[in-house]
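K.L.:
need a 3D model of the sequence below.
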Amino acid sequence: MLTFAFPWLALLLPLPLLVWWLLPVREESRRAVQVPFFAALTAASGLRPSDGVVTRQRGFWRTVTLALCWGLALAALMRPQWLEPPLHKEKPARDLLLLVDLSGSMDTKDFTDTSGAKVDRLTAAKQVLDDFLAKRTGDRVGVVVFGNAAFTLVPFTTDLKLARTLLQEMQVGMAGPRTVLGDAIGLGINLFARTTAPAKTMIALTDGNDTASNVPPAEAARIARDKGIVIHTVAIGDPAAAGEEKLDEAALKDVAVTTGGGFYRALDREALAGIYTRLDQIETRKVDTVTYQPRRELYWLPLLALIVLATGAQFLMVVSWPRLDRRREVAS
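P.N.:
Sure, this is the predicted structure:
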């Protein structure tokens, strides 16, 4: 579709007519050679001189050429553009942050893989998380791992292939043997502070008891709630265990309830996979559709026509003048 960036410039089209009508005629006086035998010259030529002025008239084709040049100049200044079909692009509207516990208890082999072999909790979690991320096309995903301290493994990114690759490289104990869930939530809050997505979600997976965080999980959850962050907690530990490896289900439930999320309990890999399937349904993919309509600039077309027309008219004028002079000589 053809459109103009500055269509209001078309109002200037009658400007030359207004100038011709409102402004006075340009006057020019020239000196002439005075001769004492002027009367004899006029008598010999048969002309009858009279007092007055000479008004030069512009020819028809010259007037048409100037009018076309003015119209083409205005057309170029109006910036004609051709609108291409609109392009639609989906922009992620959700930031999803995974918190993964890498404490020593995640090395416990009480889960099974897809083939039925015994694997440790982290291996099972990585398999389930890989399937989960494969379905999250369109979201921005980040990963925070925690042990003695919390670290950002994957900043928020739409490159889910990279996130899945780095998830597979996680190892038990790489962040320390202890569990600092509260600090991990606090780090997640700081990461969300630099995002503009309207939907913000954390999914925390842990099998231990938080005993070393600088910020208790309950306090971190209240801050997250005030920031509009929803936290889902997934427990895969043994509630009957003692000490550092004991799973504090009450604390995880409190974190989830405070932020409006859900608490889930996984005793085996199938249950863990089912939890992430439910989370995938709850935290549906959100996108903002951005529409962009490309424009092709066409101002060069009237500009090129103007140059060709003006150059051609000037060329014809230069060529025709000698012929006119010869005709005058013959007539005289």
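K.L.:
which positions within the helix or strand hosting Lys126 qualify as buried?
P.N.:
Assigned by DSSP states H and E, Lys126 belongs to helix 121-134. For helix 121-134, the neighbour count (16 or more other Cβ atoms under 10 Å) marks Arg121, Leu122, Thr123, Ala124, Ala125, Lys126, Gln127, Val128, Leu129, Phe132, Leu133 as buried. For the C-beta atoms, the positions are set from N, CA and C on the backbone; glycine is no exception.
K.L.:
can you check stretch 292-311 too?
P.N.:
Buried residues in stretch 292-311, counted by 16+ other Cβ under 10 Å: Leu298, Tyr299, Pro302, Ala305, Leu306, Ala310.
K.L.:
on that earlier part again, can the buried residues of helix 121-134 go into a markdown table with extra columns for distance to Leu98 and pLDDT?
P.N.:
Converted to a markdown table, these look like this (distance: Cβ to Cβ, whole Å; pLDDT from 0 to 100):
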| residue | distance to Leu98 | pLDDT |
| --- | --- | --- |
| Arg121 | 15 | 85 |
| Leu122 | 13 | 88 |
| Thr123 | 16 | 88 |
| Ala124 | 15 | 86 |
| Ala125 | 10 | 88 |
| Lys126 | 11 | 89 |
| Gln127 | 14 | 86 |
| Val128 | 11 | 87 |
| Leu129 | 7 | 88 |
| Phe132 | 8 | 85 |
| Leu133 | 8 | 86 |
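K.L.:
of the residues you listed, which pair is most distant in space?
P.N.:
Spanning the widest gap among the buried residues of helix 121-134 are Arg121 and Leu133, at 18.2 Å by Cβ to Cβ.
K.L.:
which ones are touching the residue lying closest to Arg225 once chain neighbours are set aside?
P.N.:
Closest residue to Arg225 apart from its sequence neighbours, by Cβ to Cβ, 6 or more residues apart in numbering: Thr259 at 4.8 Å. The neighbours of Thr259, taking Cβ atoms under 8 Å, 6 or more residues apart in numbering as the test, are Ala221, Ala224, Arg225, Ile229, Val230, Ile231.
K.L.:
widest-spaced pair of those residues?
P.N.:
Longest span within the contacts of Thr259, Cβ to Cβ: Ala221 and Val230, 10.4 Å.
K.L.:
and these two? which has more neighbours close in?
P.N.:
Neighbour count, other Cβ atoms under 10 Å: between Ala221 and Val230, Ala221 has more, with 29 against 18.
K.L.:
and the helices in the stretch 101-250 of the chain?
P.N.:
Taking DSSP state H, counting those that start in this stretch to define them, one finds helices in the stretch 101-250 of the chain at 121-134, 160-168, 181-192, 217-226, 249-259.
K.L.:
only the buried residues of the shortest one, if you could.
P.N.:
By neighbour count on 16+ other Cβ under 10 Å, the buried set for helix 160-168 is Leu160, Ala163, Arg164, Leu167.
K.L.:
what's the average pLDDT for stretch 281-290?
P.N.:
Stretch 281-290 comes out with an average pLDDT of 60.
K.L.:
what's the answer for stretch 204-223, then?
P.N.:
For stretch 204-223, mean pLDDT is 86.
K.L.:
now that stretch: buried residues?
P.N.:
204-210, 212-213, 215-217, 220-221.
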